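> Could you look at this predicted model? Sequence included:
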Amino acid sequence: MTSVALTIAGSDSGGGAGIQADLKTFQELGTFGTSALTAVTAQNTLGVHAVQPIETDIVIAQIEAVLTDFTVGAAKTGMLFSAEIIEAVADTMSRHDRIPLVVDPVMIAKGGAPLLRQSAIAALKERLIPSAALLTPNIPEAEVLTGMTIASMKDMENAANQLLRKGAGAVLLKGGHRTDTPDAEDLFLSSAGDCFLMKSKRIDTKDTHGTGCTFAAAITAELAKGAPMHDAVVTAKHFIHAAIEDGLSIGNGHGPTNHAALRKRGPVERKDVELIGKN
């Protein structure tokens, strides 16, 4: 049976993030990708030049068209832009709560452009996070959601626990923005008590556009295929590490990652990610 995943996110005309990155990732991991577009961006590796949100009723019509026809195994959200879209998506997905929802709380583009209205942050906290099987913030996003300053692993643990208390089933707090460690350290905590740390060597590159979208999409693809949450997260860490390490070197700014990297490496032993403290 073909596994199906759904992404609810914005379009990136540069192809490195958003809907485009999600669908590429779904395909690479053997999952059929469907989508609901929330916004159109005029974007390239140098930044976001314009944003046009989609009417809320059209966003929901896209989701319902997919969910009433396909057996969707997992879904993710990315750029949602406004409180109105967040609330409508939360209401819609609550009627399909058998589908695990990965919430990537996209707020700021790589070049610094806002992708979430300030007025939408409360809706994200109150309406969408409680619907999340998994929440995948980076450190700046987690700081906004918790009001904390996050500079250490202890801070990450405190923030992840606070986000669990907001209702998420699990939290993957990505530590790539930390400066006190030579490694990229991502912390996973679940409401069921599963806790582990994933460490990989930091890669010296400017080509990291779309890493958050791609990481969350890889998790979603694996969940759609029926993988347990912890296995999906670990596979996705390998996927994004390879995508960053085998960069494409295209564009004049923050270039995209290589979504085909893990497949092209073939069935080699995966040693790039160290797993610590898995329950």
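Thanks, I have it.

> Could you use CA atoms for every contact and neighbour count after this?
Will do.

> Dihedrals phi and psi, residue 66?
In terms of degrees, to the nearest 10, the main-chain angles of residue 66 are phi -70, psi -50.

> how deep is the closest residue to it other than its chain neighbours tucked in, by neighbour count?
Spatial nearest neighbour of residue 66, excluding adjacent residues (C-alpha to C-alpha, 6 or more residues apart in numbering): residue 34 at 7.1 Å. Neighbourhood size, residue 34 [other C-alpha atoms under 10 Å]: 21.

> same check, this time on residue 29
23.

> just checking, next helix/strand downstream of the longest strand seen in the chain?
Counting residues, the longest strand in the chain under DSSP state E turns out to be strand 32-44. The helix or strand immediately downstream of strand 32-44 is strand 47-53, counting by DSSP states H and E.

> now what about stretch 162-173, what contacts it?
125-126, 129-139, 142, 145-146, 156, 160, 186-192 (C-alpha atoms under 8 Å, 6 or more residues apart in numbering).

> cool, and stretch 190-209?
By C-alpha under 8 Å, 6+ apart, stretch 190-209 touches 16-17, 45, 110, 164, 168-171, 176, 182-189, 234, 237, 241, 244-245, 247-249, 253-257, 272-279.

> re the thing from before, residues in contact with the residue nearest to residue 66?
With C-alpha under 8 Å, 6+ apart, residue 34 has these contacts: 4-7, 23, 66.

> Over to residue 131?
90, 93-94, 101, 167-168.

> From those residues, pick the one nearest residue 72.
Residue 72 lies nearest to residue 101 out of these, by C-alpha to C-alpha, at 10.7 Å.

> Filter the contacts of stretch 162-173 down to the buried ones.
With burial judged by 16 or more other C-alpha atoms under 10 Å, the buried subset of the contacts of stretch 162-173 is 125, 129-139, 142, 145-146, 156, 160, 186-190.

> From those, which land in strands?
Those of the buried ones among the contacts of stretch 162-173 lying in strands (DSSP E): 134-135, 186-190.
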